[in-house]
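Enquirer: Compute the structure for the input listed below.
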Amino acid sequence: MIKNFAPAILNASQSTGLGASTDRLDSWKEIASYLRREVRTVQLWEKREGLPVHRHFHQSLGSVFALRSEIDRWKRQVSRESANQELEAAITPKSTRSAGGHITIYVLPLKNVTVTSERRRLCDAIVAQTIAALEQVNPGSLGIVSPKVPVQQEPRASPVRPADDQKIDYVLQWSIQDDGSGLRVSVALLFAGTDAVVWSHTYRCRPTDFGDLPTYVADQIVQCLWLKVFSASSPVCVEGRRERSGSREAYLKGRYFWNQRNEGGLRKAIHCFESAIREDPEFALPYSGLADSLTLLSFYEIVSPSEVMPRARCAALKAIELDPNLAEAHASLADVFLHFDRDWQAADHEYRRSIQCNPDYALGYHWYANLLAARGQHEAAHIAIMHALEIDPVSIITLVWAGVTSHLAHQFDEAIRHYQSALELDPHFVWAHMYMAQALEQKGNFKEALREFETTIQLAGGNNCVQAMKAHAHAVAGDKSSAREILDELQLAPSHHCLPSYDIAATYAALGESHQMVTWLNRACDERNMKLFTLTQDPRFDPLRHRSEFREIVERMGLKQYTSARRRSRQ
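Expert: Below you'll find the predicted structure:
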């Protein structure tokens, strides 16, 4: 409950030993800055999560303020409660979207403000491909209305609108301009009637990329609109089955251990999920938990993908068989498709299915962001990961992957802010330190990066992939002898240990040894190394993307069509 009286505020300030000038935050902007979030997100936290915000009412208006000490206590309390709340939510009856619900988007004509007549055909192609792509998105629930008029050469004072008796939920407004160095396509999604902006973004393209511009723009817009429109739909409850109490307890324990994100926790989680399945073979959630645990064992390079991922696929499929509307199961299967099968289309379908089954399942958005980032669809990836954080604002691993999403978009300062938020919740979280080190390295702060890598190695008790990342930092810092020494030690490891082939390839790229880089990337492909999904966006490979042998590996991954999108996203 929000407190509105002064004495409590004074006592809180005195109890911290700090004066009001250091403990007090005097506006929404200051509160949001302290929490490293947008103002809208912080306001949602006040309403939904009990963020302690105080109001002082004046004669004509009111102001808000908060105390750092109270916010810090709230963060610790919510962090402790979050895991139990997440696990309890996982076993309650699921929600899905109303089958009778229908959303209509009215697509305004594309305004051609400054583009020359020679590029009119390009504008027409952008319009046609975007509308065609939108019409294929959830055709049973989404309708697209577009006027049959040519691209406008000049903005109209009153744009074409649908008939008064036509139900319209959103309006898509866009324009294209030639800014001298290329084309700039600006897009905005508005609420119909109010014209309030739901989402907006600007895409830029160089003349050398004009060939695939229509497909690129269409793909980007469709992903963002799908996330914005369908995640806002109201869910309705459907009946769930009652599971046996022993199976339920084993499942909850499994998710607790799974959330620790280390080898010991994952192996305990597998034991718990298997116990839950033996207790109640018809309970779908433990199969999904088993699939997720096996997937992470492989992703963290503890066990080879070929050893566990086929079993993970079987577990996810069994969960879907038992409960076709289980969001967790579809997300589990999507992760297998993304990381092991490299079936990008199937992964996309299953992630969307997960979100449709339960729009409150944060991991559905979290993992979908990985696929979107791999495609270079960084704006859509940002929307997805922010959805996940709105649902579960103190999930440490989601905060870390919000940083990774920014990192893959080459936004390293933003990535560091997310890692810092994660470390505030748990200063010993291994993956936050590891990815923080990589972001610091990209900013050229090699001394701090190497220090973070050392911290990570100590917390992880030695880790081959972190050693390989550290070798890369030595290489780009100019200490090539240390980098090669680490690589030699890694390759002398016992044969039963998983080698971090992807990160070794990145280190050879930094050393300028392209032949070795290609050898290790091909080895990573053969081993189905699960980090390969970042290949076209990982900044460590930027200097060698133009080489034909690198492009061949990207094509082998099925990601060739997304490479140019990565370049544009940085402009």
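
Enquirer: OK, contacts around the residue lying closest to residue 202 once chain neighbours are set aside?
Expert: Closest residue to residue 202 in three dimensions, ignoring its sequence neighbours and counting by CB to CB, 6 or more residues apart in numbering: residue 186, at 4.8 Å. To be clear about C-beta, it is placed using only N, CA and C from the backbone, and glycine gets the same treatment. Contact criterion CB atoms under 8 Å, 6 or more residues apart in numbering gives 174, 175, 176, 177, 200, 201, 202 as the residues in contact with residue 186.

Enquirer: So which of these is the closest to residue 265?
Expert: Closest approach to residue 265 among the contacts of residue 186 (CB to CB): residue 201, at 38.3 Å.

Enquirer: Tell me, how many residues neighbour residue 290?
Expert: 28 (other CB atoms under 10 Å).

Enquirer: For it, what is the enclosing helix or strand?
Expert: Per DSSP states H and E, residue 290 falls inside helix 285-299.

Enquirer: any idea of the mean pLDDT for that helix?
Expert: This predicted structure assigns helix 285-299 an average pLDDT of 95.

Enquirer: For stretch 512-519, what is the distance to the chain centroid?
Expert: The chain centroid and the centroid of stretch 512-519 are separated by 30 Å, computed with CA atoms, centre = their mean, to the nearest Å.

Enquirer: And for that stretch, what's in contact with it?
Expert: Applying CB under 8 Å, 6+ apart, the external contacts of stretch 512-519 come out as 505, 506, 508, 509, 544, 547, 549, 550, 553.

Enquirer: Distance of the spatially closest residue to residue 363 that is not a sequence neighbour relative to residue 131?
Expert: For residue 363, ignoring the flanking residues on the chain, the nearest one in space by CB to CB, 6+ apart is residue 331 at 5.7 Å. Look at residue 331 and residue 131: by CB to CB, to the nearest Å, they are 30 Å apart.

Enquirer: Could you do residue 268 as well?
Expert: Between residue 268 and residue 131 the distance, using CB to CB, works out to 51 Å.

Enquirer: Please apply the same query to residue 311.
Expert: Applying CB to CB, one obtains 43 Å for the distance of residue 311 from residue 131.

Enquirer: Could you check which of these two is surrounded by more residues?
Expert: residue 131 (16 against 12).

Enquirer: Can you name the residues that contact the more buried one?
Expert: 107, 144, 146.

Enquirer: Thought residue 105 was touching the last one, still the case?
Expert: Spelled out, it's residue 146. No: using CB atoms under 8 Å, residue 146 makes no contact with residue 105, being 9.0 Å away.

Enquirer: So if I had to pick from the two, which one is more boxed in?
Expert: Neighbours were tallied for residue 146 and for residue 105 using other CB under 10 Å; the higher tally belongs to residue 105 (22 against 19).

Enquirer: Surely the more buried one is within a helix?
Expert: No: under DSSP: H, G, I helix; E, B strand; the rest coil, residue 105 falls outside any helix and is assigned strand.

Enquirer: ok now do it, which residues does it touch?
Expert: Residue 105 neighbours (CB under 8 Å, 6+ apart): 134, 142-145, 168-172, 189, 225, 229.

Enquirer: List the ones among these that fall in helices.
Expert: 134, 225, 229 (DSSP state H).

Enquirer: how many neighbours does the second one have?
Expert: Here the count is done by other CB under 10 Å, and residue 225 has 24 residues near it.

Enquirer: my guess is it meets residue 171, correct?
Expert: No: at 11.7 Å, residue 225 and residue 171 do not qualify as touching, with contact defined as CB under 8 Å.

Enquirer: so what's in contact with the two at the same time?
Expert: For the pair residue 225 and residue 171, residues contacting each of them under the criterion CB under 8 Å, 6+ apart are 105, 189.

Enquirer: buried stuff in the strand or helix carrying residue 217?
Expert: Here residue 217 is covered by helix 213-230, with elements defined by DSSP H and E. Taking 16 or more other CB atoms under 10 Å as the neighbour-count basis, helix 213-230 is seen to contain the buried residues 213-230.

Enquirer: same deal with stretch 480-489?
Expert: Within stretch 480-489, the residues scored as buried using 16+ other CB under 10 Å are 480, 482, 483, 484, 486, 487.

Enquirer: With stretch 292-311 instead?
Expert: 292-305, 308-309.

Enquirer: Next, the distance between the ends of it.
Expert: Criterion CA to CA, to the nearest Å; first-to-last residue distance in stretch 292-311 is 11 Å.

Enquirer: centre of the chain versus it, how much separation?
Expert: Computed by CA atoms, centre = their mean, the chain-centroid distance of stretch 292-311 equals 21 Å.

Enquirer: which residues are contacting that stretch?
Expert: Counting contacts by CB under 8 Å, 6+ apart, the residues touching stretch 292-311 from outside are 254, 258, 261, 263, 266-267, 269-270, 273, 312, 315, 328, 332, 335-336, 339-340, 464-465, 498, 500, 527-531.

Enquirer: before we move on, back to that, between the helix holding residue 217 and strand 103-107, how big is the angle?
Expert: Between the direction of helix 213-230 and that of strand 103-107, the angle (axes from the mean of the first three to the mean of the last three CA atoms, to 10 degrees) works out to 140 degrees.

Enquirer: other SSEs contacting helix 213-230?
Expert: Contact here means 3 or more CB pairs under 8 Å, 6 or more residues apart in numbering; DSSP states H and E; on that basis helix 213-230 packs against strand 103-107, helix 120-135, strand 170-178, strand 183-191, strand 197-205, helix 344-357, helix 378-391, helix 563-569.

Enquirer: strands paired with the fifth one, and their directions?
Expert: Under the criterion DSSP bridges, strand 197-205 sits next to strand 183-191 (antiparallel) in its sheet.

Enquirer: How about the strand it pairs with, which residues are buried there?
Expert: The neighbour-count check on strand 183-191 (16+ other CB under 10 Å) flags 183, 184, 185, 186, 187, 188, 189, 190 as buried.

Enquirer: closest to residue 397 among these?
Expert: Within these, the smallest distance to residue 397 is 29.6 Å, found for residue 189 (CB to CB).

Enquirer: Run through the residues that contact that closest one.
Expert: Taking CB under 8 Å, 6+ apart as the contact definition, residue 189 lies against 105, 170, 171, 172, 173, 197, 198, 199, 200, 225, 228, 229.

Enquirer: Can you convert those residues into CSV and add a column each for pLDDT and distance to residue 23?
Expert: Formatted as CSV, those follow (pLDDT from 0 to 100; distance: CB to CB, whole Å):
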residue, pLDDT, distance to residue 23
105, 86, 47
170, 85, 43
171, 86, 45
172, 86, 46
173, 85, 45
197, 80, 36
198, 80, 37
199, 82, 36
200, 84, 37
225, 81, 43
228, 79, 37
229, 78, 42
